[in-house]
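Asker: model this:
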Amino acid sequence: MTQSQTLAAAPYRVLARKWRPHSFADLIGQEALVRTLTNAFRKGRIAQAYMLTGVRGVGKTTTARILARALNYKLGEINAPTIDFTEPGEHCQAIMEGRHVDVIEMDAASNTGIDDIREIIDSVQYAPAIARYKVYIIDEVHMLSKNAFNGLLKTLEEPPPHLKFVFATTEIRKVPVTVLSRCQRFDLRRIESATLAAHLEKICAAEGIGAEADSLALIARAADGSVRDALSLLDQAIAHSAEAITAEEVRSLLGMADRARVIDLFEMAMKGDTANALAELKSQYDLGADPAVVVTDLAEFTHLVTRLKLAPDLPGETLVAKSERDRAGGFAAKLSVRELDRAWQILVKGLAEITASERPLAAADMVVVRLTHAATLPPPEELLRKLATGDGGAAARSAPQTRPPAGQPVRGEAGTKTIPGAQSGAMISARPQIAPKSAPRAAPQTATQPETMRTPVVLNRFEDLILLAEDKRDIQLRTNLRRFVRLIAFADGRMEFTPAGELPAGFLSDLSAKLQQWTNRRWMIATSREGGAPTLEEAERQREGMRNAQAASDPDVIAIRAQFPGARVIDVRFRPQIDALGLEASDGEAAGAAPDEIADGE
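Answerer: Modelled structure (predicted):
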């Protein structure tokens, strides 16, 4: 027989099908499921419906077939459900190949409607043709429609004695709770990388294929707990390799970088060596490494370093090489938890950007830039120490006493002064030296008598008119008074001012009518073209500018700005103080308030 005839007689089967488990003993990593089913079958406590859930490739459909085989096992004198398969029974081969007449497999993804479920309901009343039980295996059951689920409920709750259901799904939350309550649920676990690597080694030995242990570890890690994915990758690695499977060939196949070079990149980033870190990333990319995979590896290594720093005695990943663990231990001794947490946040957020970007290398470059820059920022505790010991005083004394740029936005009259660094986002509260005195609020008198009998309201100051407008909830008039009135003279019943710009239409007539209505007498309102004090809004901006300038010259603020180049004062407020009696001081008395807090930001 020629070679071509041999190949035609025995067609190639992919490893995922060839090494599919045929019994519960062949299942790996599902000890809890096997133990539960073993005890249930031995006690004769067999459920009417089973729900198998888990991620792709962990063996849901295979387990369903093995369960159907256990329910219908028959061999010689053995004619009862059992999970002890000493040898194939009468129905085993047909069930495992999916061609048994009494084991009906249905894909709910392509049979989602009530009509498909109605066929099942109509056929369940008939006894199985040759087997003990008629078993319905419905894969991806969460894809059934609402009507289909409702149509299945009654049969699922009270099925005939000869009927069993086995459901499989990757989206257990999409299955109605009414269905789940009628099933025994089994969650199939992800397979641990060490267990999966040992399984791959066993298969390679049986197939006569040489493979390095590191290469199988890489495949197991990339499979992320899925046996089917691991076998598919192993198949691909066998085809990719000329002889034995090597770790370098697997990295090339998966677009992965050398683990040692990933650690080198991590070291450069945590030292703040931006230029060399970018060059290393580009070099790995040129060798075929996927930027997203490189950043994922950086995040995994960051997680390993953090684990070794906080819980070195916990059992770690058994597939981690000793050299990698040793280097991770060195970083754990040098880096703080804050630095590691910040690096983790940057990498996780950056990975999403790389995945969504049309230029993954450029996106990865920016992630590395953020990582290296964050490594050069002083930690907040060091900044606090320098301020407490006076180390920042030299910088404060040598820094020029500059005023904030004109037109700088300032918000609020009292509160925390925020100084976001140009890149760090740090914030600090300092002690301003001045504070404006707020005008005492003189609430105008109100009257409930008729208009002709009301007591006139006395307004001795322009501020009283502003407060009266507030009390009357006339926001438009209040705003116009603050914005357009440059006051020359004000007395009860008389007001003279210079307009600041063009007055709104009807302003004078509206003001006169409102004053007569509110004070119960006529007012004389005169306008001038020259003179007048600044408007209330102009006066506020001047006071805020003065507070900003004085805050910017504060020694503590100067020291912080020296630590964070490009930082600027954008807001100044005053924190109320508590006196000995527990009373809050007014805004004007809070000029000596202590700093609130110093918090770093990303």
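
Asker: Residue 58 falls within a strand, correct?
Answerer: No: assigned with DSSP: H, G, I helix; E, B strand; the rest coil, residue 58 falls outside any strand and is coil.

Asker: Can you pull the phi/psi pair for it?
Answerer: Per-residue torsions, residue 58: phi -90, psi -10 (degrees, to the nearest 10).

Asker: can you check residue 486 too?
Answerer: phi -100, psi 100.

Asker: Where does the prediction get shaky in the stretch 151-300 of the chain?
Answerer: By pLDDT under 70, the weakly predicted segments of the stretch 151-300 of the chain are 256-257.

Asker: ugh, wrong one, the stretch 1-150 of the chain
Answerer: Looking along the stretch 1-150 of the chain with the criterion set at pLDDT under 70, you get 1-10.

Asker: just the stretch 351-500 of the chain next, same as before
Answerer: 379-381, 383, 386-388, 390-455.

Asker: ranges for the helices of it?
Answerer: Secondary structure of the stretch 351-500 of the chain (DSSP state H, counting those that start in this stretch): helices at 360-376, 380-389, 393-398, 462-471, 475-484.

Asker: Double-check residue 459 against residue 466; I have them as touching.
Answerer: No: with contact defined as CB atoms under 8 Å, residue 459 does not reach residue 466; the gap is 9.9 Å. Every C-beta, even on glycine, is put in place using the N, C-alpha and C of the backbone.

Asker: More neighbours: the two, which one.
Answerer: residue 459 (23 against 18; other CB atoms under 10 Å).

Asker: now that one: how far from residue 539?
Answerer: From residue 459 over to residue 539 the distance is 19 Å, taken as CB to CB, to the nearest Å.

Asker: Kindly list the main-chain dihedrals of residue 71?
Answerer: phi -70, psi -30.

Asker: The chain should start at 16 in everything you say after this.
Answerer: Yep, numbering from 16; the last one is residue 86 now.

Asker: Mind giving me the packing neighbours of the helix or strand hosting residue 318?
Answerer: In the assignment (DSSP states H and E), residue 318 maps to helix 306-325. Counting contacts by 3 or more CB pairs under 8 Å, 6 or more residues apart in numbering; DSSP states H and E, helix 306-325 packs against helix 274-286, helix 289-301, helix 337-349, helix 352-371, helix 375-391.

Asker: where does the stretch 516-617 of the chain have low pLDDT?
Answerer: Low-confidence segments of the stretch 516-617 of the chain, defined by pLDDT under 70, are located at 590-617.

Asker: In it, what residue spans correspond to strands?
Answerer: 539-542, 613-614 (DSSP state E, counting those that start in this stretch).

Asker: who's in contact with the longest one?
Answerer: So that's strand 539-542. Residues from elsewhere that reach strand 539-542, judged by CB atoms under 8 Å, 6 or more residues apart in numbering: 508-514, 523, 526-527, 530.

Asker: Grab the nearest non-local neighbour of residue 174.
Answerer: Distances taken as CB to CB, 6 or more residues apart in numbering place residue 63 nearest to residue 174, at 5.3 Å, with adjacent residues excluded.

Asker: Number of residues surrounding the one you found?
Answerer: Close neighbours of residue 63, defined as other CB under 10 Å, add up to 16.

Asker: likewise residue 136?
Answerer: Count around residue 136 with other CB under 10 Å applied: 13.

Asker: okay but it is in contact with residue 168, surely?
Answerer: No: judged on CB under 8 Å, residue 136 makes no contact with residue 168 at a distance of 10.5 Å.

Asker: contacting residues around stretch 33-42?
Answerer: Here stretch 33-42 has contacts from 43, 48-49, 52-53, 74, 77-78, 81, 84-85, 98, 100, 107, 111, 218, 246, using CB under 8 Å, 6+ apart.

Asker: swap the cut-off to 7 Å and go again
Answerer: 49, 52, 74, 77-78, 81, 98, 100, 111, 218, 246 (CB atoms under 7 Å, 6 or more residues apart in numbering).

Asker: could those residues be laid out in a markdown table, adding neighbour count and secondary structure?
Answerer: A markdown table is the format used below for the contacts of stretch 33-42 (neighbours: other CB atoms under 10 Å; DSSP: H, G, I helix; E, B strand; the rest coil):
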| residue | neighbour count | secondary structure |
| --- | --- | --- |
| 49 | 17 | helix |
| 52 | 22 | helix |
| 74 | 25 | coil |
| 77 | 21 | helix |
| 78 | 24 | helix |
| 81 | 27 | helix |
| 98 | 20 | coil |
| 100 | 19 | coil |
| 111 | 20 | helix |
| 218 | 18 | helix |
| 246 | 24 | helix |
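
Asker: Return the member of those nearest to residue 156.
Answerer: Nearest to residue 156 among those: residue 78, at 14.2 Å, using CB to CB.

Asker: Name the nearest residue to the closest one, ignoring sequence neighbours.
Answerer: Closest to residue 78 by CB to CB, 6+ apart is residue 67, at 5.7 Å.

Asker: what packs against whichever strand or helix holds the one you found?
Answerer: Secondary structure from DSSP H and E places residue 67 in strand 64-68. Under the contact definition 3 or more CB pairs under 7 Å, 6 or more residues apart in numbering; DSSP states H and E, strand 64-68 sits against helix 75-86, strand 178-184, strand 199-202.

Asker: Identify the residues contacting it?
Answerer: Counting by CB under 7 Å, 6+ apart, 75, 78-79, 82, 171, 180-184, 187, 195, 197-203 sit against strand 64-68.

Asker: Okay, buried residues for that strand please.
Answerer: Using 16 or more other CB atoms under 10 Å as the test for burial, strand 64-68 gives 64-68.

Asker: any chance of those residues in a markdown table, plus distance to residue 31?
Answerer: Below are the buried residues of strand 64-68 laid out as a markdown table (distance: CB to CB, whole Å):
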| residue | distance to residue 31 |
| --- | --- |
| 64 | 27 |
| 65 | 23 |
| 66 | 24 |
| 67 | 18 |
| 68 | 20 |
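
Asker: Identify the farthest-apart pair in those.
Answerer: 64 and 68 (13.3 Å).

Asker: and the gap between residue 584 and residue 554?
Answerer: Taking CB to CB, one finds residue 584 at 20 Å from residue 554.

Asker: Looking at these two, which is more packed in?
Answerer: residue 584 (24 against 13).

Asker: that older thread, can you redo the helices and strands packed on strand 64-68 as a markdown table with distance to residue 386?
Answerer: Output for the helices and strands packed on strand 64-68, formatted as a markdown table (distance: least, CB to CB, whole Å):
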| stretch | distance to residue 386 |
| --- | --- |
| helix 75-86 | 39 |
| strand 178-184 | 39 |
| strand 199-202 | 37 |
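
Asker: closest to residue 404 out of those?
Answerer: strand 199-202 (56.2 Å).

Asker: who are the neighbours in contact with residue 105?
Answerer: The contact partners of residue 105, taken as CB under 7 Å, 6+ apart, are 89-90.

Asker: just to revisit the earlier point, compute the inter-axis angle for the strand holding residue 67 and helix 75-86.
Answerer: 150 degrees (axes from the mean of the first three to the mean of the last three CA atoms, to 10 degrees).

Asker: Sheet-wise, list the partners of strand 64-68 with their directions.
Answerer: Counting by DSSP bridges, the strands paired with strand 64-68 are strand 178-184 (parallel), strand 199-202 (parallel).

Asker: Need the winner for burial among these.
Answerer: strand 178-184 (a mean of 24; mean count of other CB atoms under 10 Å).

Asker: Let me know the next secondary structure element after it.
Answerer: Later in the chain than strand 178-184, the nearest helix or strand by DSSP H and E is helix 192-195.
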